[in-house]
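In: Sequence plus the predicted model coming up.
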Amino acid sequence: MFDAIKKSKILVLTGAGASVALGRDTTKQFLKRFSTEAHRRLAERGGALVSQLSFVHEAATGGKLDIEHVLSLLEERRDAARSLIDDGAFKAQVAEDVQSIVRGYAEANDTIARAIYDMVIEHYSAVDEQQAGELYRELLRGFPAWFGDVPDLGLTLPFFTLNYDTAIESAVASWLDEPDGGGGHMEVRLVNGLTQVRGGTEPRWSEREFASYREVPNKANIVLVKLHGSVLWGRRGGVRQPYVAQLPIGVRRDPGEDFRHAVLYPTLAPKPVADEPFRTGYRCLRACLHTAQLLVIIGSSLRDPEIVAELRDAMEANERLHIVAIDPNLDHNTVATRVTAPPARVAAIGVAFEAAMVVGLMGRLRDFARLASGVETRASVRFGKTFDASILDADTRVVPRVPLPPGES
């Protein structure tokens, strides 16, 4: 399964921090934004909402919690109150006015949770195409050139993301009118599971797009796997064969015609990753991790239990797998501890992912890819260490070589 995808020696995994340069929030930033807007939108409704909104606002200003913690608590409190309301013994033994208070408590938590869902779709739907194109140009269009001397690299880059936003799709769209091949950049082919089906009015998601994937020569083949769904994915129920289809950019949460957004909202609670389309994404990640040599993690705090479990298993089963984390708030020892890996197989670069730094980052990632694959390098990088911005020296800014078409030398 996924044989043509898992041949790649280099994988990318991005979290919320990868989209900060595009104006999208991290989980802590999102909580602060929501706590302000929620008071403006909901506080005037009064009742049990006021105390719950105060809890959200205090969590945001305290700085110790983020939206994942808060949403988890809201959902837990809502579900606990609902279970009481549905309990026959509770109804029989507790006065109606107390039941009404519990019911109001459940509704307050549910109202705020749904407001978070609404704002997630709204906030992460807004990505500027040109900014996205500049941010991801070197990584996506240039990866065959930057990593060209990594043995058996091929032209496929599996790109896994925990983000719902359209950063990658927008980046590719921004290049549609640009010539390919300039400066080591190739034309990009994006495979994201969506395909036009006979009789359908919009592209639909299909597991076959990944299972039957084949690399196209002379292109940078990006296999985009959205592990937690997308603001562009809508699951349609109420039909004989439910399906996931592409939604218009900017559509409100859970639009009409039985469509509900197919996303796993930011919570620390167990996620239904055994359900499609998430099941295929996690299976693909697992397959790739067990054969890759380098995993580049950009802007992820590595707190999601499902992701951590996959990384732990892979680091144990695949002794050639190395990790480079790009994040201003992580060091290599923290990453190694979270994924239960030997620190000697992990490196960290303590910088934010920004367009101005991408060329320097690509040069260093090239060096780490060489090390992980056993290719000698004179660069001063090594695993088992955390680097600061000084690692992005001028010697990494050499224009990469342009890969030659097959058969030429």
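Out: That came through, no problem. Residues are numbered from 1 along each chain as shown.

In: got a list of what L264 touches?
Out: 228-229, 271-273, 278 (CB atoms under 8 Å, 6 or more residues apart in numbering). The C-beta positions use only the backbone N, C-alpha and C, and glycine is treated the same way.

In: T26 too?
Out: Per CB under 8 Å, 6+ apart, neighbours of T26: 16-17, 20, 66, 299.

In: where's it relative to I349, distance?
Out: Distance, T26 to I349, using CB to CB, to the nearest Å: 17 Å.

In: mind listing the strands in the stretch 201-350 of the chain by residue range?
Out: 204-205, 220-226, 229-236, 243-246, 259-263, 294-298, 322-326, 346-349 (DSSP state E, counting those that start in this stretch).

In: tell me the angle the longest one makes with strand 220-226.
Out: Between the direction of strand 229-236 and that of strand 220-226, the angle (axes from the mean of the first three to the mean of the last three CA atoms, to 10 degrees) works out to 70 degrees.

In: and strand 229-236, C-alpha only, in PDB?
Out: The C-alpha trace of strand 229-236 is given here as PDB (Å, rounded to 0.1, in the frame of the first residue of the first chain):
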ATOM      1  CA  GLY A 229      -9.000  17.600   7.500                       C
ATOM      2  CA  SER A 230      -9.400  20.800   5.600                       C
ATOM      3  CA  VAL A 231     -11.600  23.900   5.400                       C
ATOM      4  CA  LEU A 232     -12.100  22.700   1.800                       C
ATOM      5  CA  TRP A 233     -13.500  19.300   2.800                       C
ATOM      6  CA  GLY A 234     -17.200  18.700   3.300                       C
ATOM      7  CA  ARG A 235     -18.700  15.400   4.200                       C
ATOM      8  CA  ARG A 236     -22.200  14.800   2.700                       C
END
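
In: How far away from the center of its chain is it?
Out: 14 Å (CA atoms, centre = their mean, to the nearest Å).

In: can you list contacts of that strand?
Out: So strand 229-236 is contacted by 121, 124-125, 164-166, 169, 205, 226, 242-247, 249, 251, 255, 257-264, 277-278 (CB under 8 Å, 6+ apart).

In: Only the buried subset of those, as a PyMOL command please.
Out: To isolate the buried ones among the contacts of strand 229-236 in PyMOL, judged by 16 or more other CB atoms under 10 Å, type:
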select buried, resi 121+124+125+164+165+166+169+205+226+243+244+245+246+247+251+259+261+262+263+264+277+278
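
In: so where's the stretch 51-200 of the chain uncertain?
Out: Applying pLDDT under 70 to the stretch 51-200 of the chain flags the ranges 179-184, 199-200.

In: where exactly do the strands run in it?
Out: 156-161, 188-191, 194-195.

In: Would you mind finding the most buried of those strands?
Out: By mean neighbour count, with neighbours taken as mean count of other CB atoms under 10 Å, strand 156-161 ranks first of the strands of the stretch 51-200 of the chain at a mean of 25.

In: what angle do that one and strand 294-298 make?
Out: Using the same axes, to 10 degrees: strand 156-161 against strand 294-298 is 40 degrees.

In: Check the gap between the residue most central in space within the chain and H228 for me.
Out: Closest to where the C-alpha atoms of the chain average out (CA atoms, centre = their mean) is L162, at 1.9 Å. Shown here: L162 relative to H228, a distance of 5 Å by CB to CB.

In: sorry, back to before: which of the contacts of L264 are buried?
Out: If we count by 16+ other CB under 10 Å, these have these buried: 228-229, 271, 273, 278.

In: Quick one: the strands of the stretch 201-350 of the chain as JSON lines, columns for distance to V12 and mean pLDDT too.
Out: Shown next, in JSON lines, are the strands of the stretch 201-350 of the chain (distance: least, CB to CB, whole Å; pLDDT from 0 to 100):
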{"stretch": "strand 204-205", "distance to V12": "21", "mean pLDDT": "94"}
{"stretch": "strand 220-226", "distance to V12": "9", "mean pLDDT": "97"}
{"stretch": "strand 229-236", "distance to V12": "17", "mean pLDDT": "94"}
{"stretch": "strand 243-246", "distance to V12": "23", "mean pLDDT": "92"}
{"stretch": "strand 259-263", "distance to V12": "20", "mean pLDDT": "93"}
{"stretch": "strand 294-298", "distance to V12": "5", "mean pLDDT": "98"}
{"stretch": "strand 322-326", "distance to V12": "10", "mean pLDDT": "98"}
{"stretch": "strand 346-349", "distance to V12": "14", "mean pLDDT": "97"}
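
In: which residues in the stretch 251-400 of the chain form helices?
Out: 278-289, 305-317, 332-338, 358-373 (DSSP state H, counting those that start in this stretch).

In: Just list what the longest one packs against, helices and strands only.
Out: The criterion is 3 or more CB pairs under 8 Å, 6 or more residues apart in numbering; DSSP states H and E, and the helices and strands that helix 358-373 contacts are helix 143-146, strand 294-298, strand 322-326, strand 346-349.

In: for the first one, same thing?
Out: With contacts defined as 3+ CB pairs under 8 Å, 6+ apart, the packing partners of helix 278-289 are strand 10-14, strand 156-161, helix 208-211, strand 220-226, helix 305-317.

In: Now find how far off-centre it is within its chain.
Out: 13 Å.

In: Show me what counts as buried in it.
Out: Buried residues in helix 278-289, defined by neighbour count with 16+ other CB under 10 Å: 278, 280-289.

In: Export those as CSV, with columns for distance to F210 and pLDDT.
Out: Shown next, in CSV, are the buried residues of helix 278-289 (distance: CB to CB, whole Å; pLDDT from 0 to 100):
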residue, distance to F210, pLDDT
F278, 13, 96
T280, 6, 97
G281, 8, 97
Y282, 12, 97
R283, 9, 97
C284, 6, 97
L285, 11, 98
R286, 13, 97
A287, 10, 97
C288, 11, 97
L289, 15, 97
